[in-house]
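Peer 1: Below are the sequence and a predicted model for it; my questions follow.
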Amino acid sequence: MPRADYIPTIGLEVHCQVRTNSKMFCACPTGFGDDPNTNVCPVCMGLPGALPVLNKAAIEQTILAGLLLDCETPEISKWDRKNYFYPDMPKNYQISQFDLPLCIGGGVPLYDHNYPKDHQKDIAHPGKKVKLTRIHLEEDVAKSTHLANSSVIDFNRAGTPLMEIVSDPDIDSPEEAFAYLKTLQQILIYGGISDADMEKGQLRCDVNVSVRKNESDELGTKVELKNMNSISAVRRALHYELDRQCEELDAGIEQIQSTRRWDDDSGETQLMRTKEDAHDYRYFPDPDLLPVRAGAIVDRMRKHVPELPHEKAARYADEFGLNEYDAAVLTSDQDLAHYFEAAANATEAKPKKVANWVTNTLLKHLNDENLGAAESPVPAEKLAATVNLVESGQVSNNQAKEVFEALWSAPEKTPAAIAREMGFEPADTGAVDAIIDEVIAANPDKVEEIRGGNEKLVNFLTGQVMKASQGKANPKQVTESLRAKLL
Ligand code: ZN
Ligand code: MN
């Protein structure tokens, strides 16, 4: 195992489209899925003489991201031209920020539940926070598609506000990289800063990775990985690349600073270019744009800082007595958290019970139909009313699950009405009592054992009563009266 002899050092550069109505330097709409080259103008097509105008909302959202991630927001930040020649940027420079970005420092907390499922028991640094270098704002480029004999280009994406979030080389494993991206994505969505959907290219990630023998050694030669389009692909690519670098170093092959492309189908990285043909961007200040003063924007955006997932989870533990797992699941998504709180507040049942209903029954139904919590056909109040039916002894827990099932396809009804329709009224106590007596009479051996101390067998008798009552009796009450009669 060559990997065991080396220490990995990983840093991530995340490009994230900021959620705004219009583009970074023009009034064209942003969006995904429109006909190619329909949302364009002279500015975002890079035509000569067109002048950029700053998008205030994009700057506000980037500063909000900085506040969410504990960054510093320097008073002055400015715009620079990053020169390069590619058809996806016809004015031949990207407007970006070089030495004075909007946000500096800060960090991304790695939420334990955001590590890969198969890695939950091996988290090396629980509660770790990965340090950030900076966050700057720039413009996205056009989207090129390469066909067999030609390339086509769509400028709808050109000029979309793009936030670049750069981490320190502070990540120690592919699993930490995974948790970093998941948590970052979750926080950006919480803040309404981006939809951060990797499949739609709203979140893109480049990785810098190197290895060294000892903690005291200087950092190894770094390789940049590109073209990973899911968080799990980042993890896979990193494992492949760490193995490759360690094996080569063991074989005496020096690493060269280079950029490699991840091919998810073959599961390999391939060399794209080495340092010799690296870009020289020749950054210089953009003469068309004034610097930004952050002060007033920072004050304004402070009011928009939401309760973050880990803060919400801590409150749920405190206020509702939920365990860490339930709190993490419920706060993973803001809409789900709203749903839970509304349901918990609409019933006298223990919040833990409501949490179980939401994380098991509701989530299963939502996932089956690929719906978000806000789109649930069953509103929180009706889930609460279903839980109340169990609490009041009207129906058993299993019957309530059936009620919920029916409610899902007929949400206009009330849970109580559905319970009645399904014949789940609490059975007439006299009749149930008669059944209980019959069951006792029919099982003298079990009764003797129960009286002899084997109390678990009461459950067996409860089962017999439930069967005889065709599921209409309330198991909780049956058990209670059995115990009263026998113990
Ligand atoms: Zn435009
Ligand atoms: Mn960039």
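Peer 2: On my side now, so go ahead. Since the structure is predicted, the reported quantities are computational estimates derived from the model, not experimental observations. Ligands and ions are numbered 1, 2, ... in the order given.

Peer 1: residue contacts, the closest residue to ligand 1 within the stretch 151-300 of the chain?
Peer 2: Relative to ligand 1, the nearest point of the stretch 151-300 of the chain is Gly159 (5.5 Å; C-beta to the ion). For every residue, glycine as well, the C-beta is placed using N, CA and C. When contacts are counted by C-beta atoms under 8 Å, 6 or more residues apart in numbering, Gly159 touches 23-26, 28, 43-44, 139-140.

Peer 1: Kindly recompute the last result at 10 Å.
Peer 2: By C-beta atoms under 10 Å, 6 or more residues apart in numbering, Gly159 lies in contact with 22-26, 28, 30, 39-41, 43-46, 52, 55, 89, 95, 139-142.

Peer 1: So for it, what's the nearest residue that isn't a sequence neighbour?
Peer 2: Nearest non-adjacent residue to Gly159, counting by C-beta to C-beta, 6 or more residues apart in numbering: Cys44, 3.4 Å away.

Peer 1: Count the residues that sit near the one you found.
Peer 2: Each residue near Cys44 was counted by other C-beta atoms under 10 Å, and the total is 27.

Peer 1: Check what pLDDT it gets.
Peer 2: Cys44 is assigned a predicted lDDT (pLDDT) of 96.

Peer 1: Quick one: distance of stretch 359-370 to the chain centre.
Peer 2: Centroid separation for stretch 359-370 versus its chain: 16 Å, with C-alpha atoms, centre = their mean, to the nearest Å.

Peer 1: Ok, stretch 330-349 next?
Peer 2: Distance, centroid of stretch 330-349 to centroid of chain: 18 Å (C-alpha atoms, centre = their mean).

Peer 1: ok, now stretch 194-204?
Peer 2: Its chain's C-alpha centre and that of stretch 194-204 lie 12 Å apart, by C-alpha atoms, centre = their mean.

Peer 1: First-to-last residue distance for that stretch?
Peer 2: One end of stretch 194-204 to the other measures 12 Å (C-alpha to C-alpha, to the nearest Å).

Peer 1: List the buried residues for that stretch?
Peer 2: Using 16 or more other C-beta atoms under 10 Å as the test for burial, stretch 194-204 gives 194, 196, 198, 202-204.

Peer 1: same thing with stretch 432-452?
Peer 2: For stretch 432-452, by 16+ other C-beta under 10 Å, it's 432-433, 435-436, 439-440, 443, 446-447, 450.

Peer 1: ok, the nearest residue to Arg236 once chain neighbours are set aside - contacts?
Peer 2: Distances taken as C-beta to C-beta, 6+ apart place Gly267 nearest to Arg236, at 6.7 Å, with adjacent residues excluded. If you count contacts by C-beta under 10 Å, 6+ apart, Gly267 has them with 233, 236-237, 239-240.

Peer 1: Now restrict these to buried residues only.
Peer 2: Using 16+ other C-beta under 10 Å as the burial test, these include 233, 236-237, 240 as buried.

Peer 1: Now render those as CSV, adding secondary structure, distance to Thr133 and pLDDT.
Peer 2: Putting the buried ones among the contacts of Gly267 into CSV (DSSP: H, G, I helix; E, B strand; the rest coil; distance: C-beta to C-beta, whole Å; pLDDT from 0 to 100) gives the following:
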residue, secondary structure, distance to Thr133, pLDDT
Ala233, helix, 23, 96
Arg236, helix, 25, 97
Ala237, helix, 21, 97
Tyr240, helix, 25, 97
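
Peer 1: Which members of those are the farthest-apart pair?
Peer 2: Ala233 and Tyr240 (10.3 Å; C-beta to C-beta).

Peer 1: Mind listing the shared neighbours of those two?
Peer 2: Common neighbours of Ala233 and Tyr240 (criterion: C-beta under 10 Å, 6+ apart): 225, 262, 267.

Peer 1: can I get the residues you listed in a markdown table with distance to ligand 1 and pLDDT?
Peer 2: Output for the shared contacts of Ala233 and Tyr240, formatted as a markdown table (distance: C-beta to the ion, whole Å; pLDDT from 0 to 100):
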| residue | distance to ligand 1 | pLDDT |
| --- | --- | --- |
| Leu225 | 32 | 97 |
| Trp262 | 32 | 96 |
| Gly267 | 39 | 95 |
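
Peer 1: Show me the residues you listed that map onto strands.
Peer 2: Within these, residues falling in strands by DSSP state E are 225, 262.

Peer 1: Next to ligand 1, which bits of the stretch 1-150 of the chain? Give me the list.
Peer 2: 26, 28, 41, 43-44 (C-beta under 5 Å from the ion).

Peer 1: May I ask which of the residues you listed has the most neighbours?
Peer 2: In these, the most neighbours by other C-beta under 10 Å go to Cys44, 27 neighbours.

Peer 1: you'd agree that one is up against Asp140?
Peer 2: Yes: assessed by C-beta atoms under 10 Å, Cys44 is found in contact with Asp140 at 9.5 Å.

Peer 1: who touches both of the two?
Peer 2: Common neighbours of Cys44 and Asp140 (C-beta under 10 Å, 6+ apart) are 23-24, 156-160.

Peer 1: before we move on, back to that, and which of the buried residues of stretch 432-452 is nearest to ligand 1?
Peer 2: The closest of the buried residues of stretch 432-452, once distances to ligand 1 are taken by C-beta to the ion, is Val432, at 73.1 Å.

Peer 1: Find the nearest non-adjacent residue to that closest one, please.
Peer 2: That would be Ala473: by C-beta to C-beta, 6+ apart, it lies 4.7 Å from Val432.

Peer 1: Identify the residues contacting the one you found.
Peer 2: For Ala473, the contacting residues are 396, 426-429, 431-433, 435-436, 462, 465-467, 481, by C-beta under 10 Å, 6+ apart.

Peer 1: Check the gap between it and Lys78 for me.
Peer 2: Shown here: Ala473 relative to Lys78, a distance of 75 Å by C-beta to C-beta, to the nearest Å.

Peer 1: same deal with Leu289?
Peer 2: Taken as C-beta to C-beta, the span from Leu289 to Lys78 is 8 Å.

Peer 1: can you check Gln394 too?
Peer 2: In terms of C-beta to C-beta, Gln394 sits 67 Å off from Lys78.

Peer 1: more neighbours, those two?
Peer 2: Higher neighbour count among Gln394 and Lys78: Gln394, with 19 against 16, using other C-beta under 10 Å.

Peer 1: Got phi/psi on the more buried one?
Peer 2: phi -70, psi -40 (degrees, to the nearest 10).

Peer 1: list the contacts for it?
Peer 2: Gln394 neighbours (C-beta under 10 Å, 6+ apart): 388, 400, 403, 415-416, 419-420, 424-426, 474.

Peer 1: ok, the residues you listed vs Asp170, which is closest?
Peer 2: Lowest distance from Asp170 to the contacts of Gln394 (C-beta to C-beta) belongs to Ala400, with 47.9 Å.

Peer 1: what's around Leu383, how many residues?
Peer 2: Residues near Leu383, counting by other C-beta under 10 Å, number 26.

Peer 1: Let me see the contact set for Pro8.
Peer 2: By C-beta under 10 Å, 6+ apart, Pro8 lies in contact with 169, 171-174, 176-177, 209-212, 220, 238, 241-242, 245-246.

Peer 1: for Asn388, same thing?
Peer 2: Residues in contact with Asn388 (C-beta under 10 Å, 6+ apart) are 346-349, 394, 400, 415-416.
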